[in-house]
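Peer 1: give me a 3D structure for the following:
(one chain, ligands or ions: 3)
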Amino acid sequence: MNQKKAKILELQNAMQQTLSGKRFLHSVSVAYTAASMGMVYHYAEIDNVIIAGLLHDCAKQLGDDIILEQCRQLTLHVSDVEERNPFLLHGKLGAYLAEAEYKITDEDILSSIKYHTTGRPSMTLLEKLIFLADYIEPYRNQKTSPSLDQIREIAFRDIDLAMCLALENTLRYLRESDTEIDTQTQDTYDFYSNLLQSKGEHT
Ligand code: DGI
Ligand code: FE
Ligand code: FE
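Peer 2: Ligands and ions are numbered 1, 2, ... in the order given. A predicted model of the protein is given here:
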């Protein structure tokens, strides 16, 4: 077995120990959903997709209070919105842990973990694969997204349109549930919405 495959098995075992059963299955599911999308978009580094998927929620198990405390201790930047909604920090802390604890050095893997909740403008293909797989993986339910089945299908043929629709649904859900919106989530939506308009694909 090559080194990357050995690393994947090691990380899968580590996540099984660290995460709840439900979150572990979600993470495996994100890994292989992202890999399936990766094949459609001819992404060459499939091992990196699996690694990012397995690790993307590695910090979430810690819970809000510890996530916030650890970010402060590590002097990671915490915005006012993140301070009020510490769950938004699990990607940032997750990227830190991926590097420090799980010895991941690839910058693209680390940023796909860091930005998996809010996204960011102009995302790399790997970042989009993880963001969308997190949204559409088979165990994800329809609660936040009435058009999940439609986005599942679109994710495999027009990745930027799927980004736009997923973010649009998330923003609508946050507005309807009166939940604070991070400017990063809005900025990501604006970016993909503008991109589609410039390509002539209005949503
Ligand atoms: O960790 P997961 O549940 O697998 O997935 P995730 O990290 O993508 O988190 C999804 C949740 O994040 C979803 O309920 C919407 C929420 N979210 C995304 N952007 C924002 C946000 N929540 C707030 N408060 N503000 C945001 O801008
Ligand atoms: Fe997450
Ligand atoms: Fe997730």
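
Peer 1: determine the three-state secondary structure at the residue minimising distance to the centre of the chain.
Peer 2: For the chain, the residue sitting closest to the mean C-alpha position, by C-alpha atoms, centre = their mean, is His116 at 2.5 Å. At His116 the chain is in coil, as set by DSSP: H, G, I helix; E, B strand; the rest coil.

Peer 1: can you give me the helices for this structure?
Peer 2: In order along the chain, the chain carries the following helices (DSSP state H): 3-18, 21-40, 46-55, 64-73, 80-84, 90-100, 107-114, 125-136, 148-155, 159-176, 183-198.

Peer 1: dump those into CSV; add distance to Gln142, mean pLDDT and mean neighbour count as well.
Peer 2: Using the backbone N, CA and C atoms, a C-beta is placed for each residue, glycine as well. Formatted as CSV, the entries for those read as follows, by distance: least, C-beta to C-beta, whole Å; pLDDT from 0 to 100; neighbours: other C-beta atoms under 10 Å:
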stretch, distance to Gln142, mean pLDDT, mean neighbour count
helix 3-18, 25, 97, 14
helix 21-40, 15, 98, 19
helix 46-55, 21, 98, 24
helix 64-73, 25, 98, 15
helix 80-84, 26, 97, 13
helix 90-100, 23, 98, 21
helix 107-114, 25, 98, 22
helix 125-136, 11, 98, 25
helix 148-155, 5, 96, 17
helix 159-176, 10, 96, 19
helix 183-198, 20, 97, 17
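
Peer 1: no further questions, thank you.
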